[in-house]
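Enquirer: Could you work out the structure for the sequence below:
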Amino acid sequence: MDRFGSLLVIGTLSAVLTLVFLWGVPTHCVQLPNGLNIGKQALIDLNRPYFRPDIVPKFDNGQSLLPGDAWPFYATETTVHGLALEADPEDDFWFAWREDTGLVLKAEDPALYEKLVSEAGAPMGNKGINVVGSHMVMMELKRRPEYTDQTCRTRWIVVGTGDL
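Expert: Below you'll find the model as predicted:
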């Protein structure tokens with residue numbers, strides 16, 4: 001019976017730790033009115049220098065919309081759009097996301113991409129600067145009272161850049 005009890009405790013502890021690891025941890029972020037969040041991609045990114053994660057648009061479940069940083073990056077009341085940066089500059093791509101259409105890549109559907117960008121409205125958090133990255137947008141929005149002290153789920157670790 002002692003052996004069964006210790007196995008039960010080890011199994012329960014393993015299951016709890018696995019769920020905590022998969023669920024993610026709450027970190028500071030900005031919850032946008034368009035349904036996305038801007039925050040750290042993970043606590044640790046094994047693909048980046050010093051393992052510092054990118055600031056990315058992501059969903060409530062912690063899943064990133066993009067494989068990495070975006071520059072330029074525009075967040076509006078309805079849309080997020082910009083240039084997603086990949087490890088190889090040849091692989092960078094223009095994107096737009098809106099809740100009703102999902103992720104649209106300019107290379108795959110240029111007409112819908114242009115429509116989403118033209119209907120997007122004024123950028124939030126750009127401080128009047130035309131070209132800023134997702135880091136700058138998040139820092140600027142966090143200074144506003146309506147976005148302070150917000151948290152969202154963040155994955156523990158990122159090993160690959162992911163696939164779109």
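Enquirer: In terms of pLDDT, where does the spatially closest residue to residue 35 that is not a sequence neighbour sit?
Expert: Closest residue to residue 35 apart from its sequence neighbours, by CB to CB, 6 or more residues apart in numbering: residue 99 at 4.7 Å. All C-beta spots, glycine's among them, are computed from the backbone N, C-alpha and C. With respect to pLDDT, residue 99 has a value of 95.
Enquirer: show me what contacts residue 99?
Expert: By CB atoms under 8 Å, 6 or more residues apart in numbering, the residues touching residue 99 are 34, 35, 78.
Enquirer: And residue 133, by the same measure?
Expert: Contacts of residue 133 (CB under 8 Å, 6+ apart): 55, 69, 70, 71, 72, 73.
Enquirer: For residue 117, state which of these is nearest.
Expert: residue 72 (11.5 Å; CB to CB).
Enquirer: So which bits of the one helix or strand residue 157 maps to are buried?
Expert: Secondary structure from DSSP states H and E places residue 157 in strand 151-158. For strand 151-158, the neighbour count (16 or more other CB atoms under 10 Å) marks 152, 153, 154, 155, 158 as buried.
Enquirer: Output the below-cut-off pLDDT ranges for the protein.
Expert: Under the criterion pLDDT under 70, the flagged ranges of the chain are 1, 19-23, 127-130, 160-164.
Enquirer: repeat that for 80
Expert: Scanning the chain for pLDDT under 80 picks out 1-3, 5, 15-24, 48, 68-69, 87, 125-131, 159-164.
Enquirer: for it, longest helix please?
Expert: When the chain is parsed with DSSP state H, its longest helix is helix 2-23.
Enquirer: now for the next helix or strand after it, which elements pack on it?
Expert: Per DSSP H and E, the first helix or strand lying C-terminal to helix 2-23 is strand 25-31. Packing partners of strand 25-31 (3 or more CB pairs under 8 Å, 6 or more residues apart in numbering; DSSP states H and E): strand 37-40, helix 134-142, strand 151-158.
Enquirer: is it possible to export the ones you listed to JSON lines including distance to residue 14?
Expert: JSON lines is the format used below for the helices and strands packed on strand 25-31 (distance: least, CB to CB, whole Å):
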{"stretch": "strand 37-40", "distance to residue 14": "26"}
{"stretch": "helix 134-142", "distance to residue 14": "35"}
{"stretch": "strand 151-158", "distance to residue 14": "16"}
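Enquirer: Perfect, I'm done here.
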